[in-house]
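K.L.:
Just need the structure, nothing else, for what follows:
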Amino acid sequence: MAQPLPILSLFAALGLGACVLGTTPEPVPTGAEDFADFCAGCHGLSGKGAGELAGTLARRPADLTLLARRNGGTFPTTQVMAKIWGYTGGKGSDVMPNFGPLLDSELVPYDGGDGIMTPTPVRLVQIAEHLKSIQIR
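P.N.:
As a prediction, the model looks like this:
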């Protein structure tokens with residue numbers, strides 16, 4: 001009669017494995033969704049700098065639809081991602097908050113325009129790609 005315990009343990013382990021395998025990871029928000037959640041309050045959904053909070057800030061938020069035009073027609077991907085993540089600007093001297101901790105996610109290889117594939121948080125890549133898509137040519 002000592003055999004039922006190992007068999008019961010096997011079924012319990014299989015059941016637990018099925019529960020773990022059956023779980024799906026939380027979906028990653030799109031770049032447009034993250035932009036709406038984190039950026040549109042200041043920059044507006046259109047990215048033109050006319051969000052609900054724009055009038056309350058010491059400086060008007062940048063018109064994000066003109067980034068490529070202001071950079072000779074090339075979208076400055078690496079600089080934009082650095083700004084969003086919080087790598088640029090001195091502490092306290094910039095109105096733009098640091099979004100790095102909010103966008104921490106799975107790393108994907110991404111070329112920000114310098115020819116180097118760099119492990120980059122997928123949510124940061126998606127926001128940069130969203131911003132590229134709203135550029136006025």
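
K.L.:
For residue 57, see how far away residue 95 is.
P.N.:
Distance from residue 95 to residue 57, counting by CB to CB, to the nearest Å: 5 Å. C-betas here are computed from N, CA, C, even on glycine.

K.L.:
tell me, what's touching the two both at once?
P.N.:
Both residue 95 and residue 57 are contacted by residue 42, under the criterion CB atoms under 8 Å, 6 or more residues apart in numbering.

K.L.:
wait, what's in contact with residue 119?
P.N.:
Residue 119 neighbours (CB under 8 Å, 6+ apart): 107, 108, 109, 110.

K.L.:
Which element, helix or strand, includes the residue positioned nearest the centre of the chain?
P.N.:
Geometric centre of the chain, nearest residue: residue 123, 2.6 Å, by CA atoms, centre = their mean. Taking DSSP states H and E as the criterion, residue 123 maps to helix 122-133.

K.L.:
Show me where the protein has its strands.
P.N.:
Taking DSSP state E as the test, the strands found in the chain are 107-111, 117-121.

K.L.:
Could you check how far the last one is from the centre of its chain?
P.N.:
From the chain centre to the centre of strand 117-121 is a distance of 12 Å (CA atoms, centre = their mean, to the nearest Å).
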